[in-house]
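the following comprises the amino acid sequence and a computationally predicted model.
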Amino acid sequence: MVLRTSYVRALILALSLALGGLTSCVSPFVEIEENREAESVRRDEIVQSSLSLLGKENIEKEDGIARNDCSGFVVGVYRSLGYHVELEYHNTQFVADNLYRNLRAKGKVYYGTRPRKADLAFFRSTVENSGNRVTHVGLVADIESDDTIVIVHYSSQGVSLMRMNLQQPHVHRDEAGKVLNDFLRKKAPYMREARLLSGELFFMYGDLYRYITD
């Protein structure tokens, strides 16, 4: 039988009161669980704030958002909620690459595991002549049951949603017609083969939340 978190917490506290001297041994567990729940709530708030901007093109008018670009969007969402996001400048022409390098410098990028809500998704080579650099970034809003990642991002159309499925990165739609990977790049006439879909251009996840809170 699987015990719910609230029941486990109540049981631990009851044992602590009964045993007295063991209180200091179990309290860290309770504190960790409460911190995780609080973080989950804050991550949901960040996601909801990003979703509130869907359809908007000129986000510079929004509180905390300074630029109409992908990096300005995700950083601005955090700043609009009072988070202090301090970034150093790196010698790169792409603002998304600069954001990626800041997170990488603190060990806050990862690959191969499911992302957390409010984490960032970095993409490479979404524009020509980018030298395989990070050129785009979005904010993870949800993970669907088939492992399709829903991402909020800012593009030439403004703030919108895109989907990415790393289990099937080369598939735009499945047999049922559901979009698994949105197009992030247009195919030029001279291209014979090209990576165009979000799953094909994905590079790395980044934990901006813990970058600023750790």
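Arrived safely. These numbers come from a predicted model, not from an experiment.

I figured residue 124 hits residue 201, correct?
Yes: using CB atoms under 8 Å, residue 124 makes contact with residue 201 at a distance of 6.2 Å. Using the backbone N, CA and C atoms, a C-beta is placed for each residue, glycine as well.

to what extent is residue 38 buried, counted in neighbours?
10 (other CB atoms under 10 Å).

check residue 56 too.
Neighbour count for residue 56, taken as other CB under 10 Å: 16.

equivalent analysis for residue 194, please.
Neighbours of residue 194 using other CB under 10 Å come to 14.

please give the element, helix or strand, for it.
For residue 194, there is no host helix or strand (DSSP states H and E).

quick one: it and residue 184 touch, right?
No: look at residue 194 against residue 184 with CB under 8 Å: they stay out of range, at 11.1 Å.

so where's this structure uncertain?
1-31, 34, 187-193 (pLDDT under 70).

and the longest strand for it?
strand 134-143 (DSSP state E).

name the helices or strands packed onto the helix or strand that that strand is followed by?
Going down the chain from strand 134-143, the next helix or strand is strand 149-155, by DSSP H and E. If you count contacts as 3 or more CB pairs under 8 Å, 6 or more residues apart in numbering; DSSP states H and E, strand 149-155 packs onto helix 23-51, helix 70-80, strand 134-143, strand 158-164.

would you list these in JSON lines and tack on distance to residue 92?
Output for those, formatted as JSON lines (distance: least, CB to CB, whole Å):
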{"stretch": "helix 23-51", "distance to residue 92": "24"}
{"stretch": "helix 70-80", "distance to residue 92": "11"}
{"stretch": "strand 134-143", "distance to residue 92": "8"}
{"stretch": "strand 158-164", "distance to residue 92": "23"}
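
of those, which approaches residue 60 most closely?
helix 70-80 (7.9 Å; CB to CB).

just the CA atoms of the closest one, as PDB, please.
Output of helix 70-80 as PDB, limited to C-alpha atoms (Å, rounded to 0.1, in the frame of the first residue of the first chain):
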ATOM      1  CA  CYS A  70      13.400  34.100 -26.600                       C
ATOM      2  CA  SER A  71      15.900  34.700 -23.800                       C
ATOM      3  CA  GLY A  72      14.300  38.000 -22.800                       C
ATOM      4  CA  PHE A  73      11.000  36.200 -22.500                       C
ATOM      5  CA  VAL A  74      12.100  33.300 -20.100                       C
ATOM      6  CA  VAL A  75      14.300  35.500 -18.000                       C
ATOM      7  CA  GLY A  76      11.600  38.200 -17.900                       C
ATOM      8  CA  VAL A  77       9.000  35.800 -16.700                       C
ATOM      9  CA  TYR A  78      11.200  35.000 -13.700                       C
ATOM     10  CA  ARG A  79      12.000  38.600 -13.000                       C
ATOM     11  CA  SER A  80       8.400  39.600 -13.200                       C
END
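
and residue 160, how many neighbours?
For residue 160, using other CB under 10 Å, the count is 18.

same deal with residue 126?
21.

with the one 4 residues further on instead?
Burial of residue 130, expressed as a neighbour count using other CB under 10 Å, amounts to 15.

which ones are touching it?
94, 124 (CB atoms under 8 Å, 6 or more residues apart in numbering).

with residue 43 as the reference, measure out to it.
The gap separating residue 130 from residue 43 is 30 Å, by CB to CB, to the nearest Å.

for residue 33, same thing?
Taking CB to CB, one finds residue 33 at 16 Å from residue 43.
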